[in-house]
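>>> sequence first, then the predicted structure:
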Amino acid sequence: MSGIIDISNIANSYIPVAIILIVALLMPPMTMFLVKSLSPRSKSSAKYTTYEAGSLPIGSARIQFNVGYYLYAIAFVLFDIEVLFLYPWATIFKGHGITEIATVEMLVFIFVVLFGYVYLVKKEALKWMK
Amino acid sequence: MIMMIQIEDIIYNPLLRGIFGLCLMGGVFLGAMAVVWFERKLSADIQQRYGPMRTGFHGLLQLVADAIKLFTKEDIIPKNADRLLFVSAPILLMGSVFLMLVAIPFGAIIINGETYPIVATDMDISILYIEAVSAISVIGIFMIAYSSNNKYSLLGAFRNFARMIGYEVPLGICIVSVAIMAGSLNIIEIAQAQSPLWFIIKQPIGFFVFFIALMADMGRLPFDQNESEEELIAGWITEYTGMRFGLGFFAEYIHLILGSMLIVLLFLGGWNLPAALTSNVILGIILPTAFYLGKVALVILTIIMIRWAVPRYRIDQVVDLSWKRLLPLALLNLGWVIALGLLGV
């Protein structure tokens, strides 16, 4: 609030994050190590085939196909970045004496993105492709 | 006075806070086990069955039995799978939920009118941070599906992508609306800002959109198209067995608990109680946390009941719902919040 960012304070608030991150990264391998030492093992080739309800899979699963929603993905990038721009504005909206001017500026911005949204809907870009 | 300084030192020591976060991590694991048992019993009740009954009183020890089973099951990696990705994908899922957990308060202690939230770390941008790390789990799900080299897994993961890119946007706009009303991105300040009036009353549309979008974000039915066990075997997690499956499963349930906490913190008033109730030292320690966790339990109950009452949507219906209904509604809510802010409410 004072406008001066205390670096040591910010670093302090991320030390617990680092501790938890290390534990979270170590936990699955440790669990799997425990499982390895506890569980029985028996080899049979059928056990290691890809599960497809009894039939053998034909070809690799990593094929290229039309995902049918790539236009959504493009729209998603657009709107997600829009939301990202809203965050800093949201924090200074109140109590800084700039509420009116901030609102006008942000409404112009939202209107431009909204115009893009209406254009996408009218162009039927947001329609599931068969 | 010296005593007070020492307490402050202990509370704000980052290393101790990290260790405290590990305790919360253990607690949330136990909570997830309880929720699994609760969901099994409740779903059985809805379907007029008993559910687990044999192990312990009303199947209470079933979870211990399940844990033993998961730990002693053979670990199978299919020979077509990409081993490195296959092994490391659950780390991403677990990392995502545990990084969320760091910034989410688990309650608060109120002593002499001062509020001490029970949280591992307090950062200025915690809500933005929570949203960011919760999005990592999508990558984990895709890694699981891609490394499995199974067509059903891959279909599930693509559905997951289609759903996530639709629901992240309304979710983000609702969070912005809440941040405008609270004037902060700090989740503790957001909870405190709802002291007289909860945000669900001030922006009901926002709550409605946020609740649906968060359910889609957590992959709960009617939004579990990535799993849809009737058509895709088990969707993205088909090739995972034993404990590796357990890790993904637990990550989902921890995400459910943390998501319910987010709903309570952002819209249902957090731990705020009238000051008269918390003036007593003992009541101030117990009541706010109990009130908060009680509301979290109610939200979890609601989400579980919705799961067993509403059938699953088709994936194109889900995507349409997010882009053509929830997104305009979220923007409408944003406009409503801006209007309230200009009026000085």
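Ah, there it is.

>>> pLDDT score assigned to the residue of chain A found nearest chain B?
In chain A, the residue that lies nearest chain B is A:Ile19 (3.2 Å; C-beta to the nearest C-beta). All C-beta spots, glycine's among them, are computed from the backbone N, C-alpha and C. pLDDT, A:Ile19: 85.

>>> shouldn't it be in contact with B:Gly21?
Yes: applying C-beta atoms under 8 Å as the test, A:Ile19 and B:Gly21 come out as touching, 6.6 Å apart.

>>> which neighbours do those two have in common?
Counting by C-beta atoms under 8 Å, 6 or more residues apart in numbering or on different chains, no residue touches both A:Ile19 and B:Gly21.

>>> where does chain A have low pLDDT?
Residue ranges of chain A with pLDDT under 70: A:1-8, A:67-68, A:129-130.

>>> the helix or strand that B:Ala67 is a member of packs against which elements?
Element membership for B:Ala67 (DSSP states H and E) is helix B:62-71. Judged by 3 or more C-beta pairs under 8 Å, 6 or more residues apart in numbering or on different chains; DSSP states H and E, helix B:62-71 is in contact with helix A:7-38, helix B:14-46, helix B:242-266.

>>> what residues of that helix count as buried?
B:Gln62, B:Leu63, B:Asp66, B:Leu70, B:Phe71 (16 or more other C-beta atoms under 10 Å in any protein chain shown).

>>> check stretch A:110-123 too.
Across stretch A:110-123, burial judged by 16+ other C-beta under 10 Å covers A:Ile110, A:Val113, A:Tyr117, A:Leu120.

>>> of the helices and strands packed on helix B:62-71, which stretch is the most buried?
The highest mean neighbour count among these, using mean count of other C-beta atoms under 10 Å in any protein chain shown, belongs to helix B:242-266: a mean of 23.

>>> now check that one, is it near chain A?
Yes: residues of helix B:242-266 contacting chain A under C-beta under 8 Å from any C-beta of the partner chain: B:Gly242, B:Met243, B:Arg244, B:Leu247.

>>> how far off centre is stretch B:235-254?
Centroid separation between stretch B:235-254 and its chain, computed with C-alpha atoms, centre = their mean, to the nearest Å, is 16 Å.

>>> so where does A:Phe109 fall, helix or strand?
Assigned by DSSP H and E, A:Phe109 belongs to helix A:99-122.

>>> which other helices and strands does that helix contact?
Here helix A:99-122 touches helix A:70-92, helix B:327-343, going by 3+ C-beta pairs under 8 Å, 6+ apart.

>>> for the helix holding B:Ala67, output the C-alpha coordinates as CSV.
Taking C-alpha atoms only, helix B:62-71 is exported to CSV below (Å, rounded to 0.1, in the frame of the first residue of the first chain):
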residue,chain,number,x,y,z
GLN,B,62,-12.3,-49.1,4.2
LEU,B,63,-9.8,-46.3,3.4
VAL,B,64,-7.1,-47.9,5.4
ALA,B,65,-7.8,-51.1,3.5
ASP,B,66,-7.7,-49.3,0.2
ALA,B,67,-4.4,-47.6,1.1
ILE,B,68,-2.9,-51.0,1.9
LYS,B,69,-4.2,-52.4,-1.3
LEU,B,70,-2.8,-49.5,-3.4
PHE,B,71,0.6,-49.8,-1.7
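
>>> quick one, helices of chain B?
With helices called from DSSP state H, chain B shows them at B:2-12, B:14-46, B:62-71, B:83-103, B:126-134, B:136-148, B:151-182, B:187-192, B:199-202, B:204-218, B:242-266, B:281-309, B:315-320, B:327-343.

>>> need those helices in JSON lines (columns: mean pLDDT).
Listed next are the helices of chain B as JSON lines, based on pLDDT from 0 to 100:
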{"stretch": "helix B:2-12", "mean pLDDT": "62"}
{"stretch": "helix B:14-46", "mean pLDDT": "86"}
{"stretch": "helix B:62-71", "mean pLDDT": "86"}
{"stretch": "helix B:83-103", "mean pLDDT": "87"}
{"stretch": "helix B:126-134", "mean pLDDT": "88"}
{"stretch": "helix B:136-148", "mean pLDDT": "86"}
{"stretch": "helix B:151-182", "mean pLDDT": "86"}
{"stretch": "helix B:187-192", "mean pLDDT": "87"}
{"stretch": "helix B:199-202", "mean pLDDT": "86"}
{"stretch": "helix B:204-218", "mean pLDDT": "90"}
{"stretch": "helix B:242-266", "mean pLDDT": "89"}
{"stretch": "helix B:281-309", "mean pLDDT": "88"}
{"stretch": "helix B:315-320", "mean pLDDT": "84"}
{"stretch": "helix B:327-343", "mean pLDDT": "87"}
